[in-house]
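>>> I would like to see how this sequence folds:
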Amino acid sequence: MDLDGLSITLIALGVLAIMVLFAGAKVVPQGFNYTVERFGRYIRTLKPGLNLIIPFVDGIGQKMNMMEQVLDVPHQEVITRDNASVTANGVTFYTVLDAAAAAYEVSGLENGILNLTMTNIRSVMGSMDLDELLSNRDEINLRVLRVVDAAVSPWGIKITRIEIKDIDPPKDLVESMGRQMKAEREKRALILEAEGKRQAAILQAEGEKQSQVLESEGRKEAAFRDAEARERSAEAEAKATQVVSQAIAAGDVQAINYFVANNYIKALEGLAKSPNQKVLMLPVEASSVIGAIGGIAEIAKETFGPDRAARSSTRPPTTSRGS
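Okay, here's the model as predicted:
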């Protein structure tokens, strides 16, 4: 079947319409933004999803990745404030916030971010001493992040993090630092040992002091009790002497005999307990002692009655004669 000219024209127009439709429909994947240019001039930005543009008039300019991206910062040599040479590297995390600014405000976006980061790392680390550099890595990250983020803000970029990965001093400097650290540790060990000895001496002195205080308190308590016993003994002796004196004043001769016999027996007891006394000799006139003892019996008879005194007199005290 032959087609006339009108049919061919309609078919051609249909195919052209389909081609125009496909040329004007643009699908943007998630995490990307496309810039649209009309005759080479930016007009708008396409968001993720299905978008329509004017075919053959509008075109896709730049395809910008809107996800957070990682940029490695290579090793570079840095001279610190105290003239120590170190090598440092890092990593930068950034996100594109404005696709048009990132596409048209800077040429070579990643190269620009990388150079800014490296320059500011040298600037910040060069203003610090080596010891400060090795111990304040978080401060370095924060200072570099603040400066670089402000510099790339006109490009529609947000610097989320900058991390210093490695700081490598020269080998001879590392060895010197190792010797310094060893000496410092030995110094701290000696200080701790001396402090321990000092504390032990203090505790020992405190213990001896407390022991002396307790010993003194014990001696004080013993002396007090000894004095109290002597006082009571003296009171008892005084009471006995008073009783005997009253008996003598009343004309009781037996009381005198009791008093003399009691002191006589105490004197003999003292002689017997003497450490140098090996032989004890009683006086020749032992009858006087017996008479005194008889006086004691008479006093007991008068005091306790005849029966109890008789029972007491049947058990006379025994004396020993040594030669």
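
>>> need the helices for this structure, in chain order.
Assignment of helices within the chain using DSSP state H yields the ranges 5-24, 99-104, 109-126, 130-135, 137-152, 171-249, 253-273, 286-304, 306-313.

>>> Tell me which of those helices sits nearest to residue 84.
Nearest of those to residue 84, taken as Cβ to Cβ: helix 130-135 at 4.2 Å. Heads up, the C-betas are built off the backbone N, CA and C, glycines and all.

>>> List the neighbours of the closest one that are in contact with it.
With contact meaning Cβ atoms under 8 Å, 6 or more residues apart in numbering, helix 130-135 is reached by 80, 82, 84, 86, 125, 140, 167, 169, 173.

>>> Please apply the same query to stretch 151-162.
With Cβ under 8 Å, 6+ apart, stretch 151-162 has contacts from 68, 90-102, 105-106, 109, 112-113, 116-117, 141, 144-145, 148-149.

>>> How far off centre is it?
43 Å (Cα atoms, centre = their mean, to the nearest Å).

>>> List the buried residues of it.
151, 152, 155, 156, 157, 159, 162 (16 or more other Cβ atoms under 10 Å).

>>> what is the mean pLDDT for that stretch?
Averaged across stretch 151-162, the pLDDT comes to 95.

>>> roughly how far apart are the most centrally placed residue in the chain and residue 200?
Centroid-nearest residue in the chain, with Cα atoms, centre = their mean: residue 192, separated by 15.5 Å. For residue 192, the distance to residue 200 (Cβ to Cβ, to the nearest Å) stands at 12 Å.

>>> Only the buried subset of the contacts of stretch 151-162, as a PyMOL command please.
This is how PyMOL selects the buried members of the contacts of stretch 151-162, with burial counted by 16+ other Cβ under 10 Å:
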select buried, resi 90+92+94+96+98+99+100+101+102+106+109+112+113+116+117+141+144+145+148+149
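
>>> Is residue 118 in contact with residue 78, as I believe?
No. Here residue 118 lies out of contact with residue 78, judged by Cβ atoms under 8 Å, at a distance of 9.9 Å.

>>> from the contacts of helix 130-135, which two are the most distant?
Greatest spatial distance in the contacts of helix 130-135: 140 and 173, 18.4 Å, computed using Cβ to Cβ.

>>> Give me the distance between the nearest residue to residue 84 once chain neighbours are set aside and residue 13.
Spatial nearest neighbour of residue 84, chain neighbours left out: residue 130 (4.2 Å); criterion: Cβ to Cβ, 6 or more residues apart in numbering. Computed as Cβ to Cβ, the residue 130 to residue 13 distance reads 77 Å.

>>> Residue 50 too?
For residue 50 relative to residue 13 (Cβ to Cβ), the value is 24 Å.

>>> neighbour count winner among residue 130 and residue 13?
Using other Cβ atoms under 10 Å, the more surrounded residue of residue 130 and residue 13 is residue 130, with 19 against 10.

>>> Would you mind measuring from the more buried one to residue 184?
From residue 130 to residue 184 the distance is 15 Å (Cβ to Cβ).

>>> same question, residue 93
For residue 93 relative to residue 184 (Cβ to Cβ), the value is 37 Å.

>>> How about residue 241?
Going from residue 241 to residue 184 by Cβ to Cβ gives 84 Å.

>>> so what's residue 168 up against?
75, 86, 87, 88.

>>> Residue 228: which of the residues you listed is nearest?
Closest approach between the contacts of residue 168 and residue 228, by Cβ to Cβ: residue 86, at 84.5 Å.

>>> was I right about the closest one contacting residue 77?
Yes. Shown here, residue 86 and residue 77 form a contact pair, counting by Cβ under 8 Å, at 7.4 Å.

>>> okay, these two: which has more neighbours?
Using other Cβ under 10 Å as the criterion, residue 86 and residue 77 rank with residue 86 on top: 19 against 10.

>>> separation between that one and residue 109?
Taking Cβ to Cβ, one finds residue 86 at 29 Å from residue 109.
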